[in-house]
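Chemist: what would the 3D arrangement of this be:
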Amino acid sequence: MNITQTVDIPVSRKLTIDVPPGVPTGRVIISYEPVEPRQRKPRKFGCLKGQIWMADDFDAPMALVDAKLVEGL
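Modeler: Below is the predicted model of the structure:
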């Protein structure tokens, strides 16, 4: 039987692994395979231009926003 789980190793270096109920008890072999962090490309300024919008009443007082919600219902 082969089970693969990805876990983060904490500073304490102690692991707690949840095992499915159908797995019998006994000795296991744990193998370690380091995962290389993905390299992200730096974002360019303006790369999301036109894809994000903000409501006209974004910074309106909440009382005004609540009144508009009640009117809409």
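Chemist: contacts, neighbours, all on C-alpha from now
Modeler: Fine.
Chemist: in the protein, where is pLDDT below threshold?
Modeler: Residues of the chain that meet the criterion pLDDT under 70 lie in 64-65, 72-73.
Chemist: which stretches of it form strands?
Modeler: Along the chain, counting by DSSP state E, no stretch forms strands.
Chemist: distance of residue 69 relative to residue 63?
Modeler: The gap separating residue 69 from residue 63 is 10 Å, by CA to CA, to the nearest Å.
Chemist: can you pull out the helices in the chain?
Modeler: Assigned by DSSP state H, the chain shows helices spanning 62-72.
Chemist: which one in it is furthest away from the centre?
Modeler: residue 71 (35.9 Å; CA atoms, centre = their mean).
Chemist: residue contacts, it?
Modeler: For residue 71, no contacting residues are found, by CA atoms under 8 Å, 6 or more residues apart in numbering.
Chemist: tally of neighbours for residue 43?
Modeler: If you count neighbours by other CA atoms under 10 Å, residue 43 ends up with 8.
Chemist: over to the one 3 residues further on?
Modeler: Here the neighbour count serves as a burial measure; for residue 46 (other CA under 10 Å) it reads 7.
Chemist: for it, phi and psi?
Modeler: Dihedral angles of residue 46 (phi, psi; degrees, to the nearest 10) stand at phi 90, psi 10.
Chemist: what's the spacing between it and residue 21?
Modeler: From residue 46 to residue 21 the distance is 50 Å (CA to CA).
Chemist: over to residue 29?
Modeler: Here residue 29 is placed at a distance of 18 Å from residue 21 (CA to CA).
Chemist: how about residue 69?
Modeler: For residue 69 relative to residue 21 (CA to CA), the value is 48 Å.
Chemist: what about the two, which has more around it?
Modeler: The neighbour comparison of residue 69 against residue 21 (other CA under 10 Å) goes to residue 69, with 10 against 7.
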